[in-house]
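K.L.:
Sequence unavailable; structure follows:
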């Protein structure tokens, strides 16, 4: 009988958004010791620990609700070949999978949905003034962030992104710089698609693609 000694955990990082794969080994998970798994950005993805003789506790950092979620597995179930979903307790959406690596990669296609689908699931399509434009702007920002083209001149590359009804705000947690990107019209989308990078000015508040004083007055720093 073949005894499974490894399984794979796939989670999307709550900090940078990257999809991360970790190999879990029953020989590494020491009983009574908490094992910490991180993303390349340094953020914690999950902690796993044995409790008792056969219970394994998994705690994950959720990218959707930004809370911690805990799950308990029997050791026999953790190491079998069945795919196990890791879900956000608030939304019920899948945020990760545990199982054989190749099967996990197939299931990840369900996890790696576009920003449009995720936003629709969470009801944001009724919040944005122009959902179609907003989703495309967010998709483009995600792509540019992955390419290292969204950053602050203070040197920080880790920016927070907040979506409002008609714009996206980039916020530097290091120097508190703010950059506003309008996401309401086709002109806004065209401008974003042509942008080669988004660089915040250290300690400054700037509007990337706003024209005219009447529109500029609609945006107040860090307010809706």
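P.N.:
Good, I have the coordinates. Remember, it's a predicted structure, so these values are computed and weren't measured experimentally.
K.L.:
Tell me the gap between the longest helix along the chain and the middle of its chain.
P.N.:
Counting residues, the longest helix found in the chain (DSSP state H) is helix 131-146. Distance, stretch centre to chain centre, for helix 131-146: 13 Å (C-alpha atoms, centre = their mean, to the nearest Å).
K.L.:
cool, stretch 95-115 as well?
P.N.:
For stretch 95-115, the distance to the chain centre is 14 Å (C-alpha atoms, centre = their mean).
K.L.:
got it, and stretch 44-53?
P.N.:
Worked out by C-alpha atoms, centre = their mean, stretch 44-53 lies 22 Å from the chain centre.
K.L.:
Stretch 10-21 now?
P.N.:
6 Å.
K.L.:
who's in contact with that stretch?
P.N.:
Defining contact as C-beta atoms under 8 Å, 6 or more residues apart in numbering, one finds that stretch 10-21 is touched by 8-9, 22, 39-43, 45-46, 60-63, 66, 86, 95-98, 101, 104-105, 107-108, 111-112, 142, 145-146, 158. To be clear about C-beta, it is placed using only N, CA and C from the backbone, and glycine gets the same treatment.
K.L.:
in it, what's buried?
P.N.:
For stretch 10-21, a neighbour-count test (16 or more other C-beta atoms under 10 Å) marks 10, 11, 12, 13, 14, 15, 16, 18, 20 as buried.
K.L.:
Which of the residues you listed fall in strands?
P.N.:
10, 11, 12, 20 (DSSP state E).
K.L.:
Selecting buried members of the contacts of stretch 10-21 in PyMOL, what would you type?
P.N.:
Buried residues within the contacts of stretch 10-21, by 16+ other C-beta under 10 Å, are selected in PyMOL with:
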select buried, resi 8+9+22+39+45+46+60+61+62+63+86+95+96+97+98+104+107+108+111+145+158
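K.L.:
before we move on, the earlier item: state the pair within the buried residues of stretch 10-21 that is farthest apart.
P.N.:
Longest distance between any two of the buried residues of stretch 10-21 is 16.1 Å, between 10 and 15; criterion C-beta to C-beta.
K.L.:
Next, the contact list for residue 24, please.
P.N.:
6, 7, 8, 9, 48, 78, 98.
K.L.:
and the spatially closest residue to the last one that is not a sequence neighbour, how many neighbours?
P.N.:
Counting by C-beta to C-beta, 6 or more residues apart in numbering, residue 98 lies nearest to residue 84, which is 4.4 Å off, once chain neighbours are set aside. By the other C-beta atoms under 10 Å criterion, the neighbourhood of residue 84 contains 18 residues.
K.L.:
State the distance from residue 84 to residue 72.
P.N.:
Residue 84 sits 12 Å away from residue 72, going by C-beta to C-beta, to the nearest Å.
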